[in-house]
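Trainee: Only the shape, not the letters, is given here:
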């Protein structure tokens, strides 16, 4: 079974084209804690063969806007325990998952944090969200396959909230197209 974790129903309002014998869509709610809880529940299922995180992301590269991307690297942008650890690194952790996670062979970098990005964050990435790193870390701890697919819905600037609101569902059909033949 493939578990698709999406923060909000507005990002994937209709998933009826997905075969319910192969896919379960769960809405996690916003943020790393909600995402981690739902990812843990999905990963603990005996039938879980893959966890997919789909949703929107702000982009820091204007050319990326309005397109869908597979993420290759996830980072935790709001973990700031300096001077105990570098920005983005969880201090005093020895799991191998304390900073970046490579989840695919491409170099698309997603940074996750519990804040809606309206200006360039200190930790570099191509796109930003509020759930991806938490879901990827849970998948890694449970040794589950993970795929993160994000639609670049806004420019992560002072207009991001309005842009996100207007564009949050625009990537849904592109996402569903990726899984239509599975």
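Mentor: Great, that's in hand. Being a predicted model, the structure only gives us computed values, none of them experimental. Residues are numbered from 1 along each chain as shown.
Trainee: Need the nearest residue in space to residue 179, chain neighbours excluded.
Mentor: residue 18 (6.3 Å; CB to CB, 6 or more residues apart in numbering). (C-beta placed from N, C-alpha, C; glycine too.)
Trainee: since we're on that neighbour, how many residues are nearby?
Mentor: Counted with other CB atoms under 10 Å, the neighbours of residue 18 add up to 18.
Trainee: How about the secondary structure of it?
Mentor: Following DSSP: H, G, I helix; E, B strand; the rest coil, residue 18 is assigned to coil.
Trainee: Quick check, pLDDT for it.
Mentor: Predicted confidence (pLDDT) for residue 18: 94.
Trainee: cool, and residue 128?
Mentor: 97.
Trainee: Which of the helices or strands spans it?
Mentor: strand 127-129 (DSSP states H and E).
Trainee: still on that earlier bit, wait, the residue nearest to residue 179 touches residue 175, no?
Mentor: No - the criterion here is CB atoms under 8 Å, and residue 18 misses it with residue 175 at 10.0 Å.
Trainee: Give me the buried positions along the lengthiest helix in the chain.
Mentor: Counting by DSSP state H, the longest helix found in the chain is helix 32-43. Residues of helix 32-43 classed as buried under the neighbour-count rule (16 or more other CB atoms under 10 Å) are 32, 34, 35, 36, 38, 39, 42, 43.
Trainee: same deal with stretch 131-151?
Mentor: 131-140, 144, 146-151.
Trainee: Now for the protein, the helix or strand with the poorest mean pLDDT.
Mentor: Least confident helix or strand of the chain, by mean pLDDT, DSSP states H and E, is strand 101-102 with a mean of 92.
Trainee: Return the distance of that strand from the chain's centre.
Mentor: 12 Å (CA atoms, centre = their mean, to the nearest Å).
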